[in-house]
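Visitor: Sequence plus the predicted model coming up.
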2 protein chains.
Amino acid sequence: MHPVARLEGRRQAPTIKVVAAAAGVSTSTVSRVFSHPHRLKASTVAHVTEVAARLGYKPSHTARALSTGRLGMIAVVVPDIANPFFPPVIRAAQAHAATDGVSTVVGDTDEDPAKELDLLAELERRTDGVVLVSSRLPEDQLREVASREHPLVLVNRDVAGVPRILVDSVPGIRDAVDHLAGLGHRHIAYISGPAGSWSDEQRRAAVRERCAALGITATVLRPHRPEHDEGRAAAAEVLATGATAAIAFDDGLAQGALAGMAEHGVAVPGEVSIIGCDDILAATTYPPLTTVHGRGGEAGRLAVELLMELVESPEADRDRRVSLPSHLVTRSSTGPATAGSPAPRR
Amino acid sequence: MHPVARLEGRRQAPTIKVVAAAAGVSTSTVSRVFSHPHRLKASTVAHVTEVAARLGYKPSHTARALSTGRLGMIAVVVPDIANPFFPPVIRAAQAHAATDGVSTVVGDTDEDPAKELDLLAELERRTDGVVLVSSRLPEDQLREVASREHPLVLVNRDVAGVPRILVDSVPGIRDAVDHLAGLGHRHIAYISGPAGSWSDEQRRAAVRERCAALGITATVLRPHRPEHDEGRAAAAEVLATGATAAIAFDDGLAQGALAGMAEHGVAVPGEVSIIGCDDILAATTYPPLTTVHGRGGEAGRLAVELLMELVESPEADRDRRVSLPSHLVTRSSTGPATAGSPAPRR
DNA sequence: TGCTCGCGTGCAACCGGTTGCACGTCAAGT
DNA sequence: ACTTGACGTGCAACCGGTTGCACGCGAGCA
């Protein structure tokens, strides 16, 4: 930039130099006031702070980043911002990061592993670390990403050697199956979620296992994108199996299934019972959805906590694994099994 | 940083200096290869590019930002990422920004004006410009924000002197009212959206005006947060007015109203017709929703286009206003008016 | 009174690119 | 053959902070 160019500009943001001159100290002192104030005399800190405030001085993230290598920014990457499971984890992460004076950016991979890789590459250059939620990457690629020097914490992917926070659906799913069995259901369908989802694998396995333990039938349906209309389509698939109850990978699919059942003239919970997962739609469905409550927000907060540790000391333990148990929330989409299997009426 | 510290680090990212040495040119030349290649001999560019690629060199955003004042990053700020109206505009914005080699971050204000102000302040220091979508700020504050030197483009807020892209709901709403009138409806309720929403004001006024023009009754209900359960509550309010049709501020409210009507045993479209806005739920409701289609994605793209112009030349015209007309999409939530007003049945 | 020690501050190099200016080269113009 | 000038590249200052080292000063100790 030409030397005089910044004089031409309107009110230029004040720099450390201006503050130093105004306060009658060196630039180093001003710098230290904003980074290591404890190393200075309290009176100096007070004076410089006052002058800086009067001038409206704010340290430049960019300049600081250049010399320290710290951007003061982390990323939270999710497969789909529109999926209501993620906003709570993002918000919690953001709130916790703000506590450390770190800002958060959100990345959306659109459920696409290729985009996910690109995004991670970009974010490695823009942030100090990333929280990767429900990654759709195959394990080897995930491991490769983690092996790059950039701090990374996973949420809902269980890869040994990579720090991770897991929302453990198993207890909640077990409760769900028990609940349905207690209502007399002998055949349960599981509406699978997206291929490559760790949570889906975990839930599917839990349904199978618990049904087996109780001696009732479990049918696992094909993978579904976690969207409303896929759930609607799944309703027909559920009816085709003859199951009297369904557990869906998430609340969105469950809500779709509710709509699908309505279309087929099948009453919920009169003829078929439906259970969701994540408890993100709360009571916004009709009928209000019985669902497995997972603690997304908590996962987000913990992930950032762990991430910040890694950022501070990159040599920290890379194999930390935190698991958060879930539980069933009973609302009105489940009821007693009726004799005879349900059939579409229109 | 201590001079030898970077030798201790693992594979340090190569700098311009390393590339220059390896290619036998000066650092200026390497720099120019990545910023103004046309000023260099083609053979030099080719050679340096090759060497840089071999070394895995990537220019540092931070360093570049420090000298140029350009961060290579813009922000898109929305009131609520979970509201499905916004993802399409975000994605379109992101895609267009990527075209210019600029990355995008997303900000969520949680429908809270105070958070919005904070977020804007933070983003001004982190980005080259921001696209502010459906701001909930009062006009004077918005004007104040716009007066700060940081480039800003509004979407769905019409403030003179601030560049803005507007999705014009009026034509679509007019079609909607005409459509209902054509089906014999003589009393239409409008389910208002969030207070402070420009789109809501526009839609409300359009409903009133068109109904007046056709000589039919319009009742405007209280403001609602654009969420499913608010829509459900609104169903009762609609029934209380005696209206046989309702137009909702957005598809989420409309979907909620659908659920609410079901709860009350009122058939849609048999007894009551419902129309949404934005066309974001597409056919994911039951029955599929008749709605006013607005072109969110297009708005996002245009906003970024305008923003980049402002970033390039801050003295550009600040009073540009682009308006994108909407239209009605007829699906199955609207039907002929029936004699006698509908009443809750349970 | 003289010496050590530690605290508070300043100096200057550095982080990794960018860019105004100067210099050298070579082709076109006279 | 000499001038002119465009073109390609290098030099060095600069962007705005950070930080290792050195220096000065005053307190504690002998």
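Guide: Alright, I've got the coordinates. Residues are numbered from 1 along each chain as shown, chains lettered A, B, ... in the order given.

Visitor: Hmm, A:E149 is touching A:L310, no?
Guide: No. A:E149 sits out of contact with A:L310 when judged by CB atoms under 8 Å, with a separation of 10.6 Å. All C-beta spots, glycine's among them, are computed from the backbone N, C-alpha and C.

Visitor: Please say which of these two ends up with more neighbours.
Guide: Of the pair A:E149 and A:L310, A:L310 is the one with more neighbours under other CB atoms under 10 Å in any protein chain shown, namely 20 against 12.

Visitor: what's the closest non-adjacent residue to the more buried one?
Guide: Excluding its sequence neighbours, the residue lying closest to A:L310 (CB to CB, 6 or more residues apart in numbering or on different chains) is A:P151, at 3.9 Å.

Visitor: Pull the number of nearby residues for the one you found.
Guide: 25.

Visitor: Let me see the contact set for it.
Guide: By CB atoms under 8 Å, 6 or more residues apart in numbering or on different chains, the contact set of A:P151 is A:D128, A:G129, A:V130, A:L307, A:L310, A:V311, A:P314.

Visitor: shouldn't the third one be in contact with A:E122?
Guide: No. Assessed by CB under 8 Å, A:V130 is found out of contact with A:E122, at 10.4 Å.

Visitor: The two: which is more packed in?
Guide: Neighbour comparison, A:V130 and A:E122: the larger count goes to A:V130, with 25 against 15 (by other CB under 10 Å).

Visitor: Using the three-state scheme, assign the more buried one.
Guide: When the structure is split into helix, strand and coil by DSSP: H, G, I helix; E, B strand; the rest coil, A:V130 lands in strand.

Visitor: And the helices in the stretch 1-150 of chain A, which stretches?
Guide: Using DSSP state H, counting those that start in this stretch, the helices found in the stretch 1-150 of chain A span residues A:5-8, A:16-23, A:27-35, A:42-55, A:61-68, A:86-99, A:113-124, A:139-147.

Visitor: now those helices as JSON lines including mean pLDDT and distance to B:D178?
Guide: As requested, the helices of the stretch 1-150 of chain A are arranged in JSON lines below (pLDDT from 0 to 100; distance: least, CB to CB, whole Å):
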{"stretch": "helix A:5-8", "mean pLDDT": "37", "distance to B:D178": "56"}
{"stretch": "helix A:16-23", "mean pLDDT": "95", "distance to B:D178": "62"}
{"stretch": "helix A:27-35", "mean pLDDT": "95", "distance to B:D178": "62"}
{"stretch": "helix A:42-55", "mean pLDDT": "95", "distance to B:D178": "59"}
{"stretch": "helix A:61-68", "mean pLDDT": "95", "distance to B:D178": "53"}
{"stretch": "helix A:86-99", "mean pLDDT": "92", "distance to B:D178": "37"}
{"stretch": "helix A:113-124", "mean pLDDT": "94", "distance to B:D178": "42"}
{"stretch": "helix A:139-147", "mean pLDDT": "94", "distance to B:D178": "54"}
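
Visitor: Which one of those lies nearest to A:G270?
Guide: helix A:86-99 (31.9 Å; CB to CB).

Visitor: what about dumping the CA coordinates of that closest one to PDB?
Guide: Taking only C-alpha atoms (Å, rounded to 0.1, in the frame of the first residue of the first chain), the coordinates of helix A:86-99 have been written out as PDB:
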ATOM      1  CA  PHE A  86     -27.500 -29.700  15.000                       C
ATOM      2  CA  PRO A  87     -28.500 -26.100  16.000                       C
ATOM      3  CA  PRO A  88     -28.400 -27.000  19.700                       C
ATOM      4  CA  VAL A  89     -25.000 -28.400  19.500                       C
ATOM      5  CA  ILE A  90     -23.800 -25.500  17.400                       C
ATOM      6  CA  ARG A  91     -25.200 -23.000  19.900                       C
ATOM      7  CA  ALA A  92     -23.700 -24.700  22.900                       C
ATOM      8  CA  ALA A  93     -20.300 -24.800  21.200                       C
ATOM      9  CA  GLN A  94     -20.500 -21.200  20.200                       C
ATOM     10  CA  ALA A  95     -21.400 -20.100  23.700                       C
ATOM     11  CA  HIS A  96     -18.600 -22.100  25.200                       C
ATOM     12  CA  ALA A  97     -16.000 -20.800  22.700                       C
ATOM     13  CA  ALA A  98     -17.100 -17.200  23.300                       C
ATOM     14  CA  THR A  99     -16.200 -17.800  27.000                       C
END
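
Visitor: Identify, out of the helices of the stretch 1-150 of chain A, the most deeply packed stretch.
Guide: Compared across those, helix A:86-99 shows the largest average neighbour count, a mean of 21 (mean count of other CB atoms under 10 Å in any protein chain shown).

Visitor: So is that one next to chain B?
Guide: Yes. Helix A:86-99 comes into contact with chain B (CB under 8 Å from any CB of the partner chain), by way of A:P87, A:I90, A:R91.

Visitor: Same question for stretch A:255-263.
Guide: Yes. Contact between stretch A:255-263 and chain B is present through A:G256, A:A259, A:A262, A:E263 (criterion: CB under 8 Å from any CB).

Visitor: How about stretch A:25-32?
Guide: No. Counting by CB under 8 Å from any CB, chain B has no neighbours in stretch A:25-32; the shortest distance is 14.2 Å.

Visitor: Quick check, A:E122 in contact with B:V102.
Guide: No. Under the criterion of CB under 8 Å, A:E122 makes no contact with B:V102, lying 11.1 Å away.

Visitor: Mark which of the contacts of A:P151 are buried, thanks.
Guide: A:D128, A:G129, A:V130, A:L307, A:L310, A:V311 (16 or more other CB atoms under 10 Å in any protein chain shown).

Visitor: ok, the residues of stretch A:255-263 next to chain B vs DNA strand C, which is closest?
Guide: Within these, the smallest distance to DNA strand C is 48.6 Å, found for A:G256 (CB to the nearest atom of the strand).

Visitor: Could you tell me how many residues sit around the spatially closest residue to that closest one that is not a sequence neighbour?
Guide: Here the nearest residue to A:G256 in space, its sequence neighbours aside, is A:G231; by CB to CB, 6+ apart that works out to 2.0 Å. Applying the criterion other CB under 10 Å, we find 31 residues in the vicinity of A:G231.
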